[in-house]
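Q: show me how the following folds:
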Amino acid sequence: MPGDASPLPRDRRALAVACRFGLLTAAVTALYASLAYTVLRPAHERGCCQSVTAYGNAVDDLIQYPGRALGASLGLGLDHHTLEETWRYTLAVNCLLYFLLGLLISLWRHRAAQPRPTPVETPPATGTPPQSRFGGRRRLLRVGLGLAGAGAAAGLGDALFVEPRWFRVSRRVFPVRGLPPGLDGLRLVQLSDIHHGPWLSLAYVREIVEATNRLDPDVVLLTGDYVVWDYPA
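A: Numbers count the residues shown, from 1 in each chain. Below is the predicted model of the structure:
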């Protein structure tokens with residue numbers, strides 16, 4: 001009926017198109033996950049083209065995150081399985097999630113393409129151009145969704161390409177009461193949070209080690225977080 005606000009399409013063809021789009025989304029997700037697991041990660045472990053495989057593995061980790069997060073929230077105990085079993089569970093959950101995502105996106109696009117009923121407008125005041133309530137709300141919604149998408153893309157880009165590779169040296173000088181004269185001027189270097197794993201190369205780790213050695217430290221303090229927890233030895 002005209003003006004129906006139901007999210008379902010009004011014909012079976014649109015629903016079939018939505019299902020196909022959902023299946024395509026799930027298939028692309030599964031294909032990339034399989035490529036990363038069977039090709040990119042093994043190549044990265046062997047030290048082959050790590051500057052390339054690191055970014056490919058980072059994208060895969062980002063794509064697989066919803067399945068791992070959902071599995072953890074449901075208490076599936078993925079941490080108690082082997083790496084291959086965990087990957088299979090995560091892949092299955094992600095295929096379902098991305099199928100539903102593709103389905104909903106297709107249904108939303110179908111609904112947005114439907115003709116809208118013409119709103120009844122009251123006569124405008126003298127000198128005031130007529131305005132449509134629905135048009136203004138749709139524009140506001142599109143702008144809001146665009147800004148939200150841009151913010152999410154910027155955040156993901158920072159987490160994927162910037163923050164993991166942001167290495168910096170901070171220098172601090174502090175007095176120690178009662179320090180023996182022989183230790184005056186002792187140079188300490190604290191090194192932490194490298195997080196070497198599938199998305200960082202050994203060349204990057206070597207750069208950090210070389211930068212640390214150039215500081216000519218007397219003592220190096222190693223305070224943890226050097227590898228990713230799920231990275232196979």
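Q: which helix or strand lies directly C-terminal to the helix or strand bottoming out on mean pLDDT in the chain?
A: For the chain, counting by mean pLDDT, DSSP states H and E, helix 133-157 ranks last in confidence among helices and strands (a mean of 68). As assigned by DSSP states H and E, the chain's next helix or strand after helix 133-157 is strand 188-191.
Q: summarise which helices and strands that following strand is packed against.
A: Other helices and strands packing on strand 188-191, by 3 or more Cβ pairs under 8 Å, 6 or more residues apart in numbering; DSSP states H and E, are helix 202-214, strand 219-222. Backbone N, C-alpha and C define where each C-beta goes, glycine included.
Q: try it again with 6 Å
A: strand 219-222 (3 or more Cβ pairs under 6 Å, 6 or more residues apart in numbering; DSSP states H and E).
Q: what does the pLDDT read for Asp61?
A: Per-residue confidence (pLDDT) for Asp61: 83.
Q: and the gap between it and Pro217?
A: 33 Å (Cβ to Cβ, to the nearest Å).
Q: grab the longest helix from this protein for me.
A: Among the segments of the chain that qualify as a helix by DSSP state H, the longest is helix 83-113.
Q: could I get the average pLDDT for that one?
A: 86.
Q: can you give me the buried ones in that helix?
A: Buried residues in helix 83-113, counting neighbours by 16 or more other Cβ atoms under 10 Å, are found at 86-87, 89-91, 93-95, 97-99, 101-103, 106-107, 110-111.
Q: quick one: distance of it to the chain centre.
A: A distance of 15 Å separates the centroid of the chain from that of helix 83-113, by Cα atoms, centre = their mean, to the nearest Å.
Q: so where is the chain shaky, pLDDT-wise?
A: Scanning the chain for pLDDT under 70 picks out 1-11, 75-82, 115-139, 141-142, 145, 149, 153, 156-161, 163-164, 229-233.
Q: brilliant, that's me finished.
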